[in-house]
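1. just the structure for this:
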Amino acid sequence: MALNLNTASMEDLANIGGISRERAQLLLAYREEYGEFRTWDDVRNVPGFSQQVVEQLKRQGAAFNGRKG
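-> Residues are numbered from 1 along each chain as shown. Below you'll find the model as predicted:
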């Protein structure tokens, strides 16, 4: 089952490989301020989320609004 980045909790995010609790908090704060993620570019705009981190999220099955890759 894919992890929806638009609904994931801190615990959900911290349990996927390559994402520290600090990065998970950054993602949650960004989502709170700017709203749901619609593209992977939105995710890359989160401070500390490089293309490498985004690729790691994709490999771990992260998605948003049904879009995985």
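
2. give me the residues contacting stretch 11-25.
-> With Cβ atoms under 8 Å, 6 or more residues apart in numbering as the test, stretch 11-25 has contacts from 3, 5, 10, 27-28, 48-49, 53, 56-57, 60-62. Every C-beta, even on glycine, is put in place using the N, C-alpha and C of the backbone.

3. ok, which pair from those is furthest apart?
-> Farthest pair in those (Cβ to Cβ) is 48 and 61. Separation: 20.3 Å.

4. which stretches in the chain count as helices?
-> Counting by DSSP state H, the chain has helices at residues 10-14, 21-34, 40-44, 51-59.

5. tell me which residues form a beta bridge with the nearest residue to residue 5 once chain neighbours are set aside?
-> Ranked by Cβ to Cβ, 6 or more residues apart in numbering and with sequence neighbours excluded, the top spatial neighbour of residue 5 is residue 64, at 4.5 Å. Beta bridges link residue 64 to residue 67, judged by DSSP bridges.

6. hang on, isn't residue 64 packed against residue 35?
-> No. Here residue 64 lies out of contact with residue 35, judged by Cβ atoms under 8 Å, at a distance of 11.2 Å.

7. what about these two, which has more around it?
-> Of the pair residue 64 and residue 35, residue 64 is the one with more neighbours under other Cβ atoms under 10 Å, namely 22 against 10.

8. now the more buried one: how far from residue 43?
-> 8 Å (Cβ to Cβ, to the nearest Å).

9. overlap in contacts, those two.
-> Shared contacts of residue 64 and residue 43, counting by Cβ under 8 Å, 6+ apart, come down to 5, 37.
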